[in-house]
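Participant: model this:
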Amino acid sequence: MAFALNRLGQIALQVADIDRAEAFYRDVLGLRFLFRFGTVIFFDCQGVRLMIEQINEDGHVNRASPLYFTVADITLAVRELMAREVTFLDPPHLIARMDDHDLWMAFFADPDGHILALMQEAPKDYVPPPI
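Facilitator: Residues are numbered from 1 along each chain as shown. Next up is the predicted model:
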């Protein structure tokens with residue numbers, strides 16, 4: 001069997017304010033908090049750790065690739081996050097029609113401007129109700 005990488009174990013983000021990030025990811029998004037070590041916090045995303053660290057003294061934030069959160073009902077998830085004062089960049093929209101499902105996404109940002117997304121693999125020809 002050939003060697004292959006296949007599962008992410010951890011994703012890292014840098015933020016300007018670690019306390020604000022902890023509150024956003026824990027209280028607004030509802031991620032399961034694991035622990036905090038100084039200016040680094042960890043959350044569990046169903047087996048993948050999300051590590052969030054405060055930027056260093058030079059103030060430079062490394063922007064990361066978007067994080068895509070899988071949801072069962074994108075409309076319900078958008079409504080819930082909007083009730084928690086999350087502003088979406090766009091409403092849920094169709095990204096791609098696959099052979100066996102349709103892929104829907106909605107994008108938003110955390111307080112440091114990192115792009116985050118909700119994604120739903122929906123039945124063919126699914127149309128979510130209006131937000």
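
Participant: now do the helices in the protein.
Facilitator: Using DSSP state H, the helices of the chain run over 18-23, 74-83.

Participant: got CSV for those, with mean neighbour count, mean pLDDT and distance to N6 too?
Facilitator: For every residue, glycine as well, the C-beta is placed using N, CA and C. Listed next are the helices of the chain as CSV, based on neighbours: other Cβ atoms under 10 Å; pLDDT from 0 to 100; distance: least, Cβ to Cβ, whole Å:
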stretch, mean neighbour count, mean pLDDT, distance to N6
helix 18-23, 16, 96, 29
helix 74-83, 16, 94, 26
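
Participant: can you list the ones you listed in JSON lines and add distance to D58?
Facilitator: Output for these, formatted as JSON lines (distance: least, Cβ to Cβ, whole Å):
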{"stretch": "helix 18-23", "distance to D58": "16"}
{"stretch": "helix 74-83", "distance to D58": "32"}
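
Participant: select, out of these, the one closest to P91.
Facilitator: helix 74-83 (7.3 Å; Cβ to Cβ).

Participant: report the distance from that closest one to the chain centre.
Facilitator: Remark: helix 74-83 is offset 13 Å from the chain centroid, using Cα atoms, centre = their mean, to the nearest Å.

Participant: show me the shaky parts of the chain.
Facilitator: For the chain, residues meeting the criterion pLDDT under 70 lie at 1, 3-5, 59-63.

Participant: in it, which spans are strands?
Facilitator: 10-15, 32-37, 40-45, 48-54, 67-70, 93-97, 102-109, 115-122 (DSSP state E).

Participant: doesn't F108 make contact with T87?
Facilitator: Yes - using Cβ atoms under 8 Å, T87 makes contact with F108 at a distance of 6.5 Å.

Participant: okay, the two: which has more neighbours?
Facilitator: F108 (18 against 8; other Cβ atoms under 10 Å).

Participant: ok, the more buried one - contacts?
Facilitator: Going by Cβ atoms under 8 Å, 6 or more residues apart in numbering, F108 touches 81, 86-89, 115-118.
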